[in-house]
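>>> got a sequence here, can you build the structure:
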Amino acid sequence: MKQNEMLAMILAGGRGSRLLDLTNKVAKPAVSFGGKYRIVDFPLSNCANSGIDIVGVLTQYESVLLNSYVAASRHWGLDSKDSGVFVLPPREKADADLDVYRGTADAISQNIDFIDNYSPEYLLILSGDHIYKMDYDKMLRFHKENKADATIAVLPVPMKEASRFGIMNTNDAGEIVEFEEKPAQPKSNLASMGIYIFTWKVLRKALLADMKSTESHHDFGKDIIPALLGDGKKLMAYRFEGYWKDVGTIDSLWEANMDLLDKKSELNLSDPSWRIYTEDASELPQYIGKDAKIETAYITQGCLVEGEVVRSVLFTGTEVAAGAKVVDTVLMPDAQVAEGAVVTRALVANGVKIGKGAVVGSADSENILLVAKNVKGVE
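Below you'll find the model as predicted:
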């Protein structure tokens, strides 16, 4: 890939409301994941590993932590004089008081001048809230080989779940002939991953037309992609093979973390050939007490374990006291489980303390319990 041939824009402004209290004060892409990472590390690392030099991160809700985090581009090896990560908050007011991006397409439209400054031939647009590893340069080669105006990454999902996604209907050549946004009766199971490559001149023209429309949602799925299909543009479906997870709910975030326990999982965070970069944590090594019991666990640096941990993921700085038991649980940074407490099928938020002798969660629960506030112990 030639320098600045393709520029990346990461859509990182969503509310993340389905993650409940985890996103009350923190943007969804800044939520912790996998022991020591944040969700946004994945698309940023993919960009660095794919040879992309310029990345714009479009932020909006509860963005203070996210803005400061992504601005430190040295985390992802994008800090040379010709590369970098740029924070791009909204610049247009939707009403008298609020600066917002009105939709995914509007987020790009408001930053046309930023993109034009680098004169890219292609634009890569990414969601900032998915866990996956992907070589975008391979997708770009597919886009160029097919002389496409737009290429959308897709992966097959179970047919019974297809109505939850944007679905691509294709012909035998892999050309997209119809796009359906969360159809009640889906015709195929090829779901959009929210990863797009556009030939910039084509997209720029479509965005300018969309900006003038008073009836538009200013959204890629609802407006831009249907408009390009209506104009006879060539849209290709790029079939992704590998691990991908939309961590938009407490259950899915728990599941993605628990996937780290599976040795056969394609989500290998220690793969030297495709590093996931993150902020360096200056923590002591993990400490496992002589009486601790560990069975299938992912334990990060800075953890202190003196109790029992079974099929669980422990983030940086977590503590499991003597006599405590943690089962099928994700403990996020600095969470503490006191002596004699039992935690089962739960996701415990950053810094939360489970008191002495408390019982939290149940092995029989259908959904994962989010513990976002301190739990008082037994008196």
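>>> which strands or helices does the lowest-mean-pLDDT helix or strand in the chain pack on?
In the chain, no helix or strand scores lower on mean pLDDT, DSSP states H and E than helix 64-71, which sits at a mean of 76. In terms of contacts (3 or more C-beta pairs under 8 Å, 6 or more residues apart in numbering; DSSP states H and E), helix 64-71 is packed against strand 54-59, strand 84-87. All C-beta spots, glycine's among them, are computed from the backbone N, C-alpha and C.
>>> comparing those strands, which stretch has the densest surroundings?
strand 54-59 (a mean of 25; mean count of other C-beta atoms under 10 Å).
>>> that one pairs with which strands?
Applying DSSP bridges to the sheet, strand 54-59 is found paired with strand 6-12 (parallel), strand 84-87 (parallel).
>>> circling back to that earlier point, wait, which of the helices and strands packed on helix 64-71 is closest to T344?
Of all those, the one in closest proximity to T344, counting by C-beta to C-beta, is strand 54-59 (35.7 Å).
>>> CA atoms only for the closest one, dumped as CSV, please.
The C-alpha coordinates for strand 54-59 follow below in CSV (Å, rounded to 0.1, in the frame of the first residue of the first chain):
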residue,chain,number,x,y,z
ILE,A,54,-3.5,8.2,8.9
VAL,A,55,-6.4,7.3,11.2
GLY,A,56,-9.2,9.6,12.2
VAL,A,57,-11.2,8.6,15.3
LEU,A,58,-14.7,10.2,15.4
THR,A,59,-15.7,10.7,19.0
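>>> and for that strand, what's in contact with it?
Strand 54-59 is touched from outside by 4, 7-13, 27, 40, 44, 47, 66-67, 70, 78, 83-89, 101, 107-108, 111, 114-115, 118, 120, 128, with contacts defined as C-beta atoms under 8 Å, 6 or more residues apart in numbering.
>>> for the record, mean pLDDT for that strand?
Averaging pLDDT along strand 54-59 gives 91.
>>> swap in stretch 85-98?
The average pLDDT for stretch 85-98 rounds to 68.
>>> contacts for the helix ranked longest in the chain?
Taking DSSP state H as the assignment, the helix of the chain that covers the most residues is helix 200-212. In this structure, residues lying in contact with helix 200-212 by C-beta under 8 Å, 6+ apart are 105-106, 108-109, 112, 115-116, 120-123, 149-150, 216, 218, 223-224, 227-228, 231, 233.
>>> then stretch 178-188?
Outside stretch 178-188, the residues that touch it by C-beta under 8 Å, 6+ apart are 159, 162-170, 192, 221-222, 225-226, 229, 235.
>>> over to stretch 299-308?
By C-beta under 8 Å, 6+ apart, the surrounding residues in contact with stretch 299-308 are 35-36, 281, 283-289, 291-295, 309, 314-326, 337, 339.
>>> mind doing that once more with 6 Å?
Residues outside stretch 299-308 that contact it (C-beta atoms under 6 Å, 6 or more residues apart in numbering): 35-36, 283-289, 292-293, 314-325.
>>> list the buried ones in stretch 276-291?
For stretch 276-291, a neighbour-count test (16 or more other C-beta atoms under 10 Å) marks 276-278, 288 as buried.
>>> pipe those into JSON lines and attach secondary structure, pLDDT and distance to G357 per row.
JSON lines is the format used below for those (DSSP: H, G, I helix; E, B strand; the rest coil; pLDDT from 0 to 100; distance: C-beta to C-beta, whole Å):
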{"residue": "I276", "secondary structure": "coil", "pLDDT": "91", "distance to G357": "38"}
{"residue": "Y277", "secondary structure": "coil", "pLDDT": "88", "distance to G357": "41"}
{"residue": "T278", "secondary structure": "coil", "pLDDT": "87", "distance to G357": "35"}
{"residue": "I288", "secondary structure": "strand", "pLDDT": "96", "distance to G357": "23"}
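>>> reformat those residues as CSV; add distance to R345.
As requested, the buried residues of stretch 276-291 are exported to CSV (distance: C-beta to C-beta, whole Å):
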residue, distance to R345
I276, 26
Y277, 31
T278, 27
I288, 23
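>>> ok, which pair from those residues is furthest apart?
The most widely separated members of those, counting by C-beta to C-beta, are Y277 and I288 (27.2 Å).
>>> quick one: low-confidence parts of the protein?
Counting by pLDDT under 70, the chain contains low-confidence ranges at 1-3, 15-16, 72-75, 77, 79-82, 92-99, 281, 379.
>>> quick one, helices of it?
Using DSSP H, the helices of the chain run over residues 41-49, 64-71, 104-109, 112-116, 136-145, 200-212, 225-230, 250-258.
>>> which residues touch the first one?
To tie it back to what came earlier, the one meant is helix 41-49. Helix 41-49 has contacts (C-beta under 6 Å, 6+ apart) with 8, 10, 55, 76-78, 126, 128, 131, 134, 274, 276-278.
>>> mind checking which of the residues you listed are buried?
Neighbour-count burial (16+ other C-beta under 10 Å) is assigned, among the contacts of helix 41-49, to 8, 10, 55, 76, 78, 126, 128, 131, 134, 276-278.
>>> now for those residues: which two are most distant?
Farthest pair in the buried ones among the contacts of helix 41-49 (C-beta to C-beta) is L78 and I131. Separation: 20.0 Å.
>>> make sure T104 is actually in contact with K222.
No: if you go by C-beta atoms under 6 Å, T104 and K222 don't touch, sitting 9.0 Å apart.
>>> so for those two, which residue has more residues nearby?
Each of T104 and K222 has its neighbours counted (other C-beta atoms under 10 Å); T104 has more, 25 against 17.
>>> for the more buried one, which non-adjacent residue is spatially closest?
Nearest residue to T104 in three dimensions, chain neighbours excluded: F220, at 4.8 Å (C-beta to C-beta, 6 or more residues apart in numbering).
>>> now do M168
Nearest non-adjacent residue to M168, counting by C-beta to C-beta, 6+ apart: L190, 4.5 Å away.
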